[in-house]
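> Build me a model:
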Amino acid sequence: MVSLIQVLIMSIIQGVAEWLPISSSGHLALLHSFFGFQSLSFDVFLHFAGILAVLFIFRKDIMKLFNFKKRENLGYLLFLLIGIIPAGLVGVLFKDQIENFFSSLFYLGIFFIISGVLIYSTKFFKAKQRTIGGFDSLFIGIFQAIAIFPGISRSGATISSGIFRGVSKEEAVKFSFFMAIPIVLGAAVLELKDLAVANIDYSLLSISFIITFLVSVFTIKLFLKIIKTDKFYLFGVYNFILGILVLIWSLK
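A predicted model of the protein is given here:
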């Protein structure tokens, strides 16, 4: 049975790590290992709270997308659809295999290191002011599919891949966050039945939802300021160091 303190810690970590490029799934897997509590359905529940924060912050931009009188909006929605297909296929076809990685500290450390190298490599790519195109969306979508593995930051992988393609950092961030919406909503539907039997008090679920939402709102606004600087690659250093520490821990 999970406690109130554990729920608070996991909710805060989720709200921060989901939107900063440091892998919320990886951090939650570490907490599960430490607390001796593991529930993928609860993790998805926290992701869902974070998605509501995205809908809240970008509500005006999202509403504009559904103005179908403008052809560019239809094009952008098509790009989002293309972007989510790879992760959707991987998530459905390899759900059970991927879940096994959540309980392995060794693989978790490896994935953190991979994420760190990926994000740090953006330092060597010059950011441009180009918007998303068709091939860009597929390329970013493939990286989102890779980020299903715990320890590989979804936002880090998708934003980095956008930068690799020459998309502006601000555009890459927005596209990354928008792509997360249908992916997390779909996962929430699939995991809803398991959450009902996860042995978590409904009052704790309510508290975790509110905390995750509020922390997510704060973190997203903070990250939107950070991305305007040239410090994005430094998150790669954090991921790399954490990965090394997790590997050492796993070998004890």
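> which residues in the stretch 1-150 of the chain form helices?
Counting by DSSP state H, counting those that start in this stretch, the stretch 1-150 of the chain has helices at residues 4-17, 24-35, 40-57, 59-65, 71-93, 95-101, 105-120, 134-146.
> Give the other helices and strands that the fifth one contacts.
Right, helix 71-93. On a contact count with 3 or more C-beta pairs under 8 Å, 6 or more residues apart in numbering; DSSP states H and E, helix 71-93 meets helix 59-65, helix 134-146, helix 169-195. Using the backbone N, CA and C atoms, a C-beta is placed for each residue, glycine as well.
> Report the buried residues of it.
Neighbour counts over helix 71-93 (16 or more other C-beta atoms under 10 Å) mark Tyr76, Phe79, Leu80, Ile82, Gly83, Ile84, Pro86, Ala87, Gly88, Val90, Gly91 as buried.
> That helix versus helix 169-195: what angle between them?
40 degrees (axes from the mean of the first three to the mean of the last three C-alpha atoms, to 10 degrees).
> Looks like Tyr107 contacts Phe101 (just checking).
Yes - the pair Tyr107 and Phe101 passes the contact test of C-beta atoms under 8 Å, sitting 5.0 Å apart.
> Need the residues touching each of these two.
Common contact partners of Tyr107 and Phe101 (C-beta atoms under 8 Å, 6 or more residues apart in numbering): Phe149, Pro150.
> Surely Gly109 and Ile152 touch.
No - Gly109 is beyond contact range of Ile152, at 11.8 Å (criterion: C-beta under 8 Å).
> Any chance of JSON lines for the buried residues of helix 71-93, columns distance to Ser203 and pLDDT?
Shown next, in JSON lines, are those (distance: C-beta to C-beta, whole Å; pLDDT from 0 to 100):
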{"residue": "Tyr76", "distance to Ser203": "40", "pLDDT": "93"}
{"residue": "Phe79", "distance to Ser203": "41", "pLDDT": "94"}
{"residue": "Leu80", "distance to Ser203": "36", "pLDDT": "94"}
{"residue": "Ile82", "distance to Ser203": "41", "pLDDT": "95"}
{"residue": "Gly83", "distance to Ser203": "37", "pLDDT": "94"}
{"residue": "Ile84", "distance to Ser203": "33", "pLDDT": "92"}
{"residue": "Pro86", "distance to Ser203": "38", "pLDDT": "93"}
{"residue": "Ala87", "distance to Ser203": "33", "pLDDT": "88"}
{"residue": "Gly88", "distance to Ser203": "33", "pLDDT": "83"}
{"residue": "Val90", "distance to Ser203": "35", "pLDDT": "85"}
{"residue": "Gly91", "distance to Ser203": "30", "pLDDT": "77"}
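> could you redo the residues you listed as CSV and give each row distance to Phe35?
As requested, the buried residues of helix 71-93 are exported to CSV (distance: C-beta to C-beta, whole Å):
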residue, distance to Phe35
Tyr76, 41
Phe79, 39
Leu80, 35
Ile82, 38
Gly83, 34
Ile84, 31
Pro86, 32
Ala87, 27
Gly88, 30
Val90, 28
Gly91, 25
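> Not counting sequence-adjacent ones, nearest residue to Phe56?
With sequence-adjacent residues excluded and distances taken as C-beta to C-beta, 6 or more residues apart in numbering, Phe56 is closest to Val217, at 6.5 Å.
> contacting residues around the helix or strand encompassing that neighbour?
Val217 is located in helix 202-226, with elements delineated by DSSP states H and E. Contacts with helix 202-226, where a contact means C-beta under 8 Å, 6+ apart, come from 2, 4, 7-8, 10-12, 14-16, 18-20, 42, 45-46, 48-50, 52-54, 56-57, 170, 173, 177, 195, 232.
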